[in-house]
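Peer 1: sequence unknown, structure follows:
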């Protein structure tokens with residue numbers, strides 16, 4: 001089938017007529033699944049211990065783990081959402097890329113090395129190191145499961161929208177079936193491969209994603225004589241915003257509330273990434289703290305290249321596709337990159353982009369599933385129920401059963417949330433991570449007086465505040481694009497609660513420490529300090 005001309009591509013998609021060949025898209029995706037399943041099977045031959053299953057035996061190098069980290073972090077929201085936001089809102093859309101990229105400096109400077117030296121498998125290992133084991137591990141597991149579920153829900157629900165756009169499946173039943181298939185493959189990755197197999201899936205997916213982004217960027221530059229200024233000029237001419245597309249204020253800064261909204265969102269993005277459980281768990285797949293630092297450097301480099309590509313892809317979509325066609329296609333802003341691929345490379349390139357988008361969802365959800373299952377099996381089953389005396393084989397078996405349950409919940413949640421505000425779910429996961437986890441992690445690592453009460457107040461206080469503020473925000477009710485239409489019980493004006501809930505969690509941790517008992521264990525703090533700084537005993 002020939003590539004549609006620029007004025008008709010989005011119209012064809014929106015009308016339900018296949019603008020690409022679904023068979024090609026499905027075949028490319030099936031090839032990716034077949035190759036990665038074989039890799040997972042080969043990598044799983046030594047998954048006999050908890051260390052093998054949770055942390056891949058700490059056998060990956062910093063370079064390998066860094067590429068896997070970028071694969072774990074670059075979700076469908078990064079691939080499709082940011083390109084669409086730049087195409088529609090211009091400069092303000094690129095602010096998402098900046099926030100995601102800057103976030104890794106927090107990991108590099110404050111988290112990666114100390115976390116790798118202190119813990120074994122999960123965030124709960126670090127938080128409970130010098131605290132009461134059972135309540136702190138329960139709180140850490142609760143936080144991890146809530147964050148993982150919301151992040152996973154966004155990815156699974158995003159699969160439904162991608163199906164409508166890329167495979168021309170518009171019925172709710174058809175989209176539900178595809179969400180189910182994605183969920184089943186993801187569970188299979190985790191059951192068979194554990195962390196080692198999941199890491200190789202992330203590496204392969206990151207390499208393909210970067211390659212596609214770079215190739216699409218080179219094609220675009222070629223169309224505009226390899227001049228970035230020519231691309232920007234064409235984007236501005238083809239946008240309703242005109243030259244304002246290249247200036248701040250296309251989405252934020254129109255009034256005081258939107259300015260605060262931007263600050264709140266930026267705070268959640270920058271601080272939340274450093275406390276996402278599936279990102280933190282990756283630091284245990286390397287042998288030492290030096291490799292953990294190298295992981296962050298490699299991940300940052302990969303994402304720097306990718307986000308530069310999204311800048312070109314976003315403005316390229318504005319120039320060649322146009323805002324009206326993007327908004328009119330199924331998926332709205334998320335359709336910018338696929339529509340651009342259709343314009344630039346026709347059916348085959350769209351098929352590749354479709355496969356990469358699905359692979360992105362698959363890999364991110366697999367990483368979230370292994371994190372959620374490890375947190376429940378290691379923190380709850382092994383250390384709360386069995387009081388640290390669980391057999392390794394039993395712990396791995398519980399982790400695999402948990403992966404099945406988490407996968408089933410993600411499938412059901414994704415089907416129910418299909419068509420809802422997916423960006424809200426992703427932002428919520430970042431806000432919850434920053435609110436519940438970051439304060440307690442930093443206090444545990446750096447504050448000698450911090451105690452069990454402060455840990456519990458920080459986690460539960462930040463988690464509760466974040467969830468309550470979102471429920472009573474314009475995201476849920478009271479706005480034209482709210483999840484619940486026709487009702488208004490919103491009293492919190494900001495769409496992202498980070499500006500309030502993150503400082504509140506730090507305050508809860510401080511107050512809880514000052515009023516709580518028992519007092520901090522000085523000997524355990526000294527042991528933790530030496531271990532985190534030197535790696536002795538890690």
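Peer 2: Nice, thanks for sending it over. Computed from a prediction, not measured in an experiment: that's the story for all the values here.

Peer 1: so how far is residue 28 from residue 215?
Peer 2: Residue 215 sits 15 Å away from residue 28, taking Cβ to Cβ, to the nearest Å as the criterion. For the C-beta atoms, the positions are set from N, CA and C on the backbone; glycine is no exception.

Peer 1: quick one: which of the two has more around it?
Peer 2: Set residue 215 next to residue 28 and count neighbours by other Cβ atoms under 10 Å: residue 28 wins out with 20 against 15.

Peer 1: list the buried ones in the helix or strand where residue 514 lies?
Peer 2: For residue 514, the host element (DSSP states H and E) is helix 498-515. Neighbour-count burial for helix 498-515, counted by 16 or more other Cβ atoms under 10 Å, picks out 498-502, 504-510, 512-513.

Peer 1: skip ahead from it and say which helix or strand is next.
Peer 2: helix 522-534.

Peer 1: now for residue 180: which residues touch it?
Peer 2: The contact partners of residue 180, by Cβ atoms under 8 Å, 6 or more residues apart in numbering, come to 411, 415.

Peer 1: again with residue 510
Peer 2: Contacts of residue 510 (Cβ under 8 Å, 6+ apart): residue 454.

Peer 1: against residue 246, how distant is it?
Peer 2: 43 Å.

Peer 1: could you do residue 373 as well?
Peer 2: Distance from residue 373 to residue 246, by Cβ to Cβ: 45 Å.

Peer 1: comparing these two, which residue is more hemmed in?
Peer 2: Between residue 373 and residue 246, residue 373 has the larger neighbour count (other Cβ under 10 Å), namely 29 against 16.

Peer 1: against which helices or strands is the helix or strand harbouring residue 143 packed?
Peer 2: Here residue 143, judged by DSSP H and E, is contained in helix 133-162. Applying 3 or more Cβ pairs under 8 Å, 6 or more residues apart in numbering; DSSP states H and E, one finds that helix 133-162 contacts helix 76, helix 123-127, helix 172-223, helix 277-280, helix 336-374, helix 392-417, helix 422-432, helix 452-471.

Peer 1: show residues contacting the fourth one.
Peer 2: By Cβ under 8 Å, 6+ apart, the surrounding residues in contact with helix 277-280 are 69, 72-73, 107, 111, 115, 122-123, 143-144, 147-148, 151, 273, 367-368, 370-372, 375, 433, 437.

Peer 1: beyond that helix, next helix or strand please.
Peer 2: Next element after helix 277-280 (DSSP H and E): helix 289-320.

Peer 1: what's the offset of that following helix from the middle of its chain?
Peer 2: 14 Å (Cα atoms, centre = their mean, to the nearest Å).

Peer 1: just the pLDDT at the residue nearest to residue 343 when sequence neighbours are not counted, thanks.
Peer 2: Excluding the flanking residues, the one nearest residue 343 by Cβ to Cβ, 6 or more residues apart in numbering is residue 320, at 5.1 Å. As predicted, residue 320 sits at a pLDDT of 87.

Peer 1: so residue 320 makes contact with residue 340?
Peer 2: Yes: applying Cβ atoms under 8 Å as the test, residue 320 and residue 340 come out as touching, 6.2 Å apart.

Peer 1: how about the nearest residue to residue 272, chain neighbours excluded?
Peer 2: residue 430 (3.2 Å).

Peer 1: test my guess that that neighbour contacts residue 273.
Peer 2: Yes: using Cβ under 8 Å, residue 430 is in contact with residue 273, at 6.9 Å.

Peer 1: tell me which of those two has more neighbours.
Peer 2: Applying other Cβ under 10 Å to residue 430 and residue 273 shows that residue 430 carries more neighbours, namely 27 against 24.

Peer 1: distance of that one from residue 73?
Peer 2: Distance of residue 430 to residue 73, given as Cβ to Cβ: 11 Å.
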